[in-house]
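Asks: Here you go, sequence then predicted model.
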Amino acid sequence: MMNEKLKEAIRFCIVGGISTLLQYAIYYLLLPCMDERLALTVGYIISFCCNYVMTTRFTFRVKANAKNAGGFTLSHIVNWGLQVVSLSFFIWMGVPKEWAPIPMYMVCVPINFLLVRSFFK
């Protein structure tokens, strides 16, 4: 039988995957008509709202409250900043704008898990 931390990590991956796909889809659709950082931010805000609901109800199975909402928001502000910086870096390194979020997610997702988990546990 899996221990609770492993189950939690699996649920986090599911929620994170859904949120990441949503953010990337919005980014990709908006990219032709706006700056990549703005497209990333719009996608991030929309996926953030969905992510919070799924994180409280499914990933960590806790009630939404001011404390975890504040911590979630704070950790995601840090994550958003890290995403903007790393997206810009990967584009600067020559990765096409359409593909730059992929290595960006590889850097940011593990860090975000640790930040978010600290506010829910």
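Replies: Arrived safely.
Asks: Pull up the gap between the residue nearest the centre of the chain and residue 94, please.
Replies: For the chain, the residue sitting closest to the mean C-alpha position, by Cα atoms, centre = their mean, is residue 20 at 5.9 Å. Between residue 20 and residue 94 the distance is 23 Å, computed by Cβ to Cβ, to the nearest Å. Where you see a C-beta, it was placed from the backbone N, CA and C, and this is true even at glycine.
Asks: swap in residue 12?
Replies: Distance from residue 12 to residue 94, by Cβ to Cβ: 31 Å.
Asks: Show me which of these two is the more surrounded one.
Replies: Between residue 12 and residue 94, counted using other Cβ atoms under 10 Å, the more crowded position is residue 12 (21 against 7).
Asks: Not counting sequence-adjacent ones, nearest residue to that one?
Replies: Take residue 12 and drop its neighbours on the chain: the residue closest to it by Cβ to Cβ, 6 or more residues apart in numbering is residue 59, 5.1 Å away.
Asks: returning to that earlier point: now the residue nearest to the centre of the chain: which helix or strand?
Replies: For residue 20, the enclosing helix or strand under DSSP states H and E is helix 4-30.
Asks: List the buried residues in that helix.
Replies: Residues 8-9, 11-12, 15-16, 19-20, 22-24, 26-27, 30 are the ones in helix 4-30 that count as buried (16 or more other Cβ atoms under 10 Å).
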